[in-house]
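1. could you work out the structure for the sequence below:
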Amino acid sequence: MKHRSNRRARPSQDKPISSPIRTFTIENTTHEGHGVARENGKVTFVEGSLAGEQVEARVIKEGRQFNQAIPLKRLQDSPARVQPPCPYFEQCGGCQLQHMAVAAQRDLKVDWLKGQFRKLSLPDEMSRLEGHDFGYRRRARISVFVKNGQAQIGFRAKSSNTIVDIEQCQVLAPALQTIYPALREQLIATPLVAKLGHIELLHDEQGVCVILRQSRDVSESDQQPLDDWAKAQGITLLWQVPEQKKVAIDAPRHYTIDNLALNFQPQDFIQVNAEINQAMVAQAMSWLSLSAEDVVLDLFCGAGNFSLPLAKRAGRVLAVEAIESMVEMGQSNAAQAQLDNLEFLAADLTQAPPNRLKKAKITKALLDPPRAGAFEFLPTLVRLKPQQILYVSCNASTLARDAEYLVENGFRVTKVCMMDMFPHTSHVEAMMLLQK
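-> Below you'll find the predicted structure:
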């Protein structure tokens, strides 16, 4: 027999409410561009407000630890506030910081990184890599949704799965800004738009490539008008059928890094900001100060974005990647560059490392892991006894965790850099050098 509990159901910790309008003084700004106000010891996050502002706002959600509010009227503006140049900023979830001057955005990102690294002993100065704040994205994924015959083509809305229909995006590379409106017009004019899930745009040294990901099969006769249009525009148009994981191509794409050609498949991971990628690789080479005596381990190497430049300078480079297709591409890139001191290995870095790594007498290591970081491999890395570790990260919290482990095992942080790979967004990339 089941017994009924006499305990009452616990109320939700966060509950929507209707509250009176209140005046808040904004003390700080979160890295996502929201204001932080304190009232009777409790924090209220005020959407889109900046440090130094005074706003009238309404609390829309109360929680045990903090409240959330929406601003109704600004009584005093921050000096950092600017008019967002994008007409879709208020709705689109792509950018979070366009209401801040770009210099203030970068100061905010540096301060946020320092907060993430607060348990570490850091050098006095955190350097920065900065580039153009618009026209920087060389690739983008754009959603397509059709309802009641109306097509919406754009990015997801803020805190929502709905699609914001956009006619232009200012952070796209100039070539993509040119082609996107024309492509959008072509798609809207044809019924096959209802059979698409998303569009991938890519710009590299071969020009513009467009991938149309089909949610349903499209006949060759329906594809032909778009194929003809793409040919007339001088762009590569690829069709990805529903069952394909990656689109099939006859020849790889390429870009240049450190005066070397790097081939890749159009849906492989590459850094979206070409300008910052060039500066990032150059800085990594400078920080590591490589010589012919160095044996370098390049972890999470992809097709060789760091590996090829490393091999130009070091005596030997072992590049490790889990995805076998990228290892094969890396091997082809090394052969093309005639870098016979560069070896690519396919290995799962969460498992025991290949024996050749243990015997390689590694002197320096470079890591560029995904957002989850590299914590599972760090004990192995420590046992390999490199004298320097250069860590490139797209997630400051996992970098902080991993760096704390390395410091506990005899390393010290000697250099840190904030890399503004994605201006006008809350995303922050970091580079850290650790020394034995």
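2. C-alpha from now on. contacts and neighbour counts both.
-> Noted.
3. distance of residue 421 from residue 433?
-> Using C-alpha to C-alpha, to the nearest Å, residue 421 is found at 18 Å from residue 433.
4. between these two, who's got more neighbours?
-> Using other C-alpha atoms under 10 Å as the criterion, residue 421 and residue 433 rank with residue 421 on top: 27 against 22.
5. pretty sure the more buried one contacts residue 276?
-> Yes. Counting by C-alpha atoms under 8 Å, residue 421 touches residue 276, with 6.1 Å between them.
6. what touches both of those two?
-> Taking C-alpha atoms under 8 Å, 6 or more residues apart in numbering as the criterion, residue 421 and residue 276 both touch residue 130.
7. how about the strands in the stretch 51-200 of the chain?
-> Here the stretch 51-200 of the chain has its strands, by DSSP state E, counting those that start in this stretch, at 54-62, 66-76, 127-129, 139-147, 150-156, 163-165, 196-204.
8. adding mean neighbour count, write those out as CSV.
-> Shown next, in CSV, are the strands of the stretch 51-200 of the chain (neighbours: other C-alpha atoms under 10 Å):
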stretch, mean neighbour count
strand 54-62, 20
strand 66-76, 17
strand 127-129, 17
strand 139-147, 18
strand 150-156, 20
strand 163-165, 21
strand 196-204, 21
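9. which of those sits closest to residue 41?
-> Closest to residue 41 of the strands of the stretch 51-200 of the chain is strand 66-76 (C-alpha to C-alpha; 9.8 Å).
10. show the pLDDT at residue 10.
-> For residue 10, the pLDDT comes out at 45.
11. all helices of the stretch 151-300 of the chain, in order?
-> 174-188, 220-233, 274-288 (DSSP state H, counting those that start in this stretch).
12. dump those helices to JSON lines, plus mean pLDDT.
-> As requested, the helices of the stretch 151-300 of the chain are exported to JSON lines (pLDDT from 0 to 100):
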{"stretch": "helix 174-188", "mean pLDDT": "97"}
{"stretch": "helix 220-233", "mean pLDDT": "95"}
{"stretch": "helix 274-288", "mean pLDDT": "98"}
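13. want to throw those helices into CSV with distance to residue 59 and mean neighbour count?
-> Shown next, in CSV, are these (distance: least, C-alpha to C-alpha, whole Å; neighbours: other C-alpha atoms under 10 Å):
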stretch, distance to residue 59, mean neighbour count
helix 174-188, 39, 16
helix 220-233, 49, 13
helix 274-288, 39, 17
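14. in TSV, list these along with distance to residue 347.
-> Converted to TSV, the helices of the stretch 151-300 of the chain look like this (distance: least, C-alpha to C-alpha, whole Å):
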stretch	distance to residue 347
helix 174-188	36
helix 220-233	39
helix 274-288	23
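15. out of those helices, which is closest to residue 400?
-> Nearest of the helices of the stretch 151-300 of the chain (C-alpha to C-alpha): helix 274-288, 18.8 Å.
16. how big is the angle separating the closest one from strand 196-204?
-> 60 degrees (axes from the mean of the first three to the mean of the last three C-alpha atoms, to 10 degrees).
17. need the residues that contact helix 274-288.
-> Contacts with helix 274-288, where a contact means C-alpha under 8 Å, 6+ apart, come from 129-131, 136-138, 257-258, 271, 305-306, 309-310, 364, 388, 390, 419-421, 433.
18. narrow the residues you listed to those in strands?
-> Secondary structure defined by DSSP state E assigns 129, 257, 364, 388, 390, 419, 433 of these to strands.
19. tell me the one of those nearest residue 169?
-> Relative to residue 169, the closest of these is residue 419; by C-alpha to C-alpha it sits at 22.0 Å.
20. what pairs with that closest one across the strands?
-> Residue 419 forms beta bridges with residue 129, residue 429, as assigned by DSSP bridges.
21. so who does it touch?
-> The contact partners of residue 419, by C-alpha under 8 Å, 6+ apart, come to 128-130, 276, 280, 428-431.
22. tell me how far it lies from residue 110.
-> 9 Å.
23. kindly report the same for residue 335.
-> 39 Å.
24. after the helix or strand of the chain with the lowest mean pLDDT comes which helix or strand?
-> Every helix and strand of the chain was ranked by mean pLDDT, DSSP states H and E. The lowest is strand 15-16, at a mean of 56. Next in sequence after strand 15-16, counting helices and strands by DSSP states H and E, comes strand 21-25.
25. okay, the angle between that next one and strand 54-62?
-> 120 degrees.
26. what helices or strands is strand 21-25 leaning on?
-> Under the contact criterion of 3 or more C-alpha pairs under 8 Å, 6 or more residues apart in numbering; DSSP states H and E, strand 21-25 touches strand 35-39, strand 54-62.
27. can you list the strands that that strand pairs with?
-> Sheet pairing for strand 21-25, using DSSP bridges, gives strand 54-62 (antiparallel).
28. of the contacts of helix 274-288, grab the buried ones for PyMOL.
-> Only the buried entries of these go into this PyMOL selection, using 16 or more other C-alpha atoms under 10 Å:
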select buried, resi 129+130+131+136+137+138+257+258+305+306+309+310+364+388+390+419+420+421+433
